[in-house]
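>>> Build me a model from this:
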Amino acid sequence: MIIETAQRTRQTSEYYFSVKLAEVRKLIAEGHDVINLGIGNPDMMPSEQTIQALSDAAHKPQAHGYQAYNGTITFRNAIAGFYQRTYGVTLNPASEILPLIGSKEGITHISLTFLDPGDEVLVPELGYPAYRAVSKMVGAVVKEYPLREDFGWQPDWEVMESLVTSRTKIIWLNYPHMPTGAPATIELFEEAVAFAKKHQILLCHDNPYSLVLNKKEPISLLSVDGAGEVAIELNSMSKSHNMAGWRLGWLAGAKPYIDAVLTIKSNVDSGMFWALQEAASAALQNTDEWHRERNGVYQGRLEASEALLDALGCTWDPKQEGLFLWGKLPEHVESAEELVNTLILEKHVFIAPGFIFGPKGQRYIRLSLCLPKERIWEAVGRILG
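I've put the predicted structure just below:
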């Protein structure tokens, strides 16, 4: 006898990458050398000072007990300093910052905090799948808002007006945008804040890519005047500091929002390992030179990835930022799924199909920059060979 699962398990499906990576592992087990350009898993090391701080902290007795649910004051001070230096945003470390076990965890906590069954959530028609999945898991109604490709993949605010009802509670926003790489602009953020204020909707901005191949000064949504009234921002160290497996992120916003999320979070998990917080505090002191060197490596990978898209006959927008490259399929390719499956089986190259980020991605693919450029050039050779 098998006990029946909850309804929410039938409202979502196993994460696409979980399924596809099982295929990749099978091919590798069979002796094939698979080049994985599908996953945004940073392969470079954190800074030396980060590793040293972790080692030093782990040898201290106080590291191994339970920690505060809202993180250490050292970590929160480091986040506040980082926001001031990077974005020109002043945050109160005692009340406006909540450390998280990665921003993906934050999506769940925010949804549990602000959404009742039947509430509506505005989600970009192309975006991180967790926005949709978590909204559905908590019983909310997902409404996808359009992104205008002809206007740099920015929201179509006129159409969004027609989607808002009295049950609309949250808008998810993410710039620099994943998967399209569309950059953030202050004008976009000002319009988003004005929209959220007009309709009294919580604006949730996910901001993990602002330090990766950014072509201008990085921007935080919280730099917009009045944003604190209606907006909160997630950020993460995964992509910006090469610390994906460390599971370190945070939520920033006004005290009432932070306190509300902490009410849920404190009933779900506990404070994170003290040594991790000490190391994260050190990482947030990384120099501009460290970030420039890392982006220099990504630039070489980007050039190889552009050659790969060219080999596939794809087109792309050179203004993209972030950890990925988004390409549009040529007319003669029937579907992204067909191309992905063909490349895996015949060339042993794995790329991500655009449809996993939303239906509008059917004619697109996404390449990750998380492999050495030599491996990406090898993939280009396989495709051309």
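>>> my read is residue 308 is in a strand, agree?
No: the assignment for residue 308, made by DSSP: H, G, I helix; E, B strand; the rest coil, is helix rather than a strand.
>>> ok, the residue nearest to it when sequence neighbours are not counted - how many residues close by?
With CB to CB, 6 or more residues apart in numbering as the criterion, residue 308 has its nearest non-adjacent residue at 4.9 Å, and that residue is residue 380. For glycine as for every other residue, the C-beta is placed from the backbone atoms N, C-alpha and C. Other residues within reach of residue 380 by the criterion other CB atoms under 10 Å amount to 21.
>>> which helices and strands sit right next to the host helix or strand of residue 380?
In this structure, residue 380 sits in helix 373-384 according to DSSP states H and E. Contacts defined by 3 or more CB pairs under 8 Å, 6 or more residues apart in numbering; DSSP states H and E place helix 373-384 against strand 35-36, helix 288-311, strand 349-350.
>>> per-residue pLDDT, the residue nearest to residue 308?
Per-residue pLDDT puts residue 380 at 97.
>>> ok, which stretches of the stretch 201-350 of the chain are strands?
Secondary structure of the stretch 201-350 of the chain by DSSP state E, counting those that start in this stretch: the strands cover 202-206, 231-236, 249-253, 315-316, 324-328, 349-350.
>>> Let's have those strands in a markdown table, adding mean pLDDT and mean neighbour count.
Compiled in a markdown table, the strands of the stretch 201-350 of the chain are given as follows (pLDDT from 0 to 100; neighbours: other CB atoms under 10 Å):
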| stretch | mean pLDDT | mean neighbour count |
| --- | --- | --- |
| strand 202-206 | 98 | 24 |
| strand 231-236 | 98 | 26 |
| strand 249-253 | 98 | 26 |
| strand 315-316 | 96 | 14 |
| strand 324-328 | 97 | 25 |
| strand 349-350 | 95 | 24 |
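>>> out of those strands, which comes closest to residue 118?
The minimum distance between residue 118 and these falls on strand 202-206, with 16.2 Å, by CB to CB.
>>> who does the closest one pair up with?
According to DSSP bridges, strand 202-206 forms sheet pairs with strand 168-173 (parallel), strand 231-236 (parallel).
>>> Let's have those in TSV, adding distance to residue 82.
Below are these laid out as TSV (distance: least, CB to CB, whole Å):
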stretch	distance to residue 82
strand 168-173	21
strand 231-236	9
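>>> which one of those strands lies closest to residue 313?
Judged by CB to CB, the one of these that comes nearest to residue 313 is strand 168-173, at 32.1 Å.
>>> With only the CA atoms kept, save that closest one in PDB.
Coordinates of each C-alpha in strand 168-173 appear next as PDB, following Å, rounded to 0.1, in the frame of the first residue of the first chain:
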ATOM      1  CA  THR A 168      -3.200  40.300  -6.500                       C
ATOM      2  CA  LYS A 169      -0.600  40.200  -3.700                       C
ATOM      3  CA  ILE A 170       2.900  39.800  -5.300                       C
ATOM      4  CA  ILE A 171       4.900  40.700  -8.400                       C
ATOM      5  CA  TRP A 172       8.100  38.800  -9.100                       C
ATOM      6  CA  LEU A 173      10.800  40.900 -10.900                       C
END
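>>> Please identify the buried residues of the next helix or strand after that strand?
Downstream of strand 168-173, the first helix or strand assigned by DSSP H and E is helix 186-199. By 16 or more other CB atoms under 10 Å, the buried positions in helix 186-199 come out as 188-190, 192-193, 195-196, 199.
>>> who's in contact with the spatially most central residue of the chain?
Central residue of the chain (CA atoms, centre = their mean): residue 208, 5.3 Å from the mean position. Applying CB atoms under 8 Å, 6 or more residues apart in numbering to residue 208 gives the contacts 103, 234-236, 238-240, 249.
>>> May I see the buried residues of the worst-scoring helix or strand of the chain on mean pLDDT?
Between all helices and strands in the chain, the lowest mean by mean pLDDT, DSSP states H and E belongs to helix 16-29, at a mean of 83. By 16+ other CB under 10 Å, the buried positions in helix 16-29 come out as 17, 20-21, 24.
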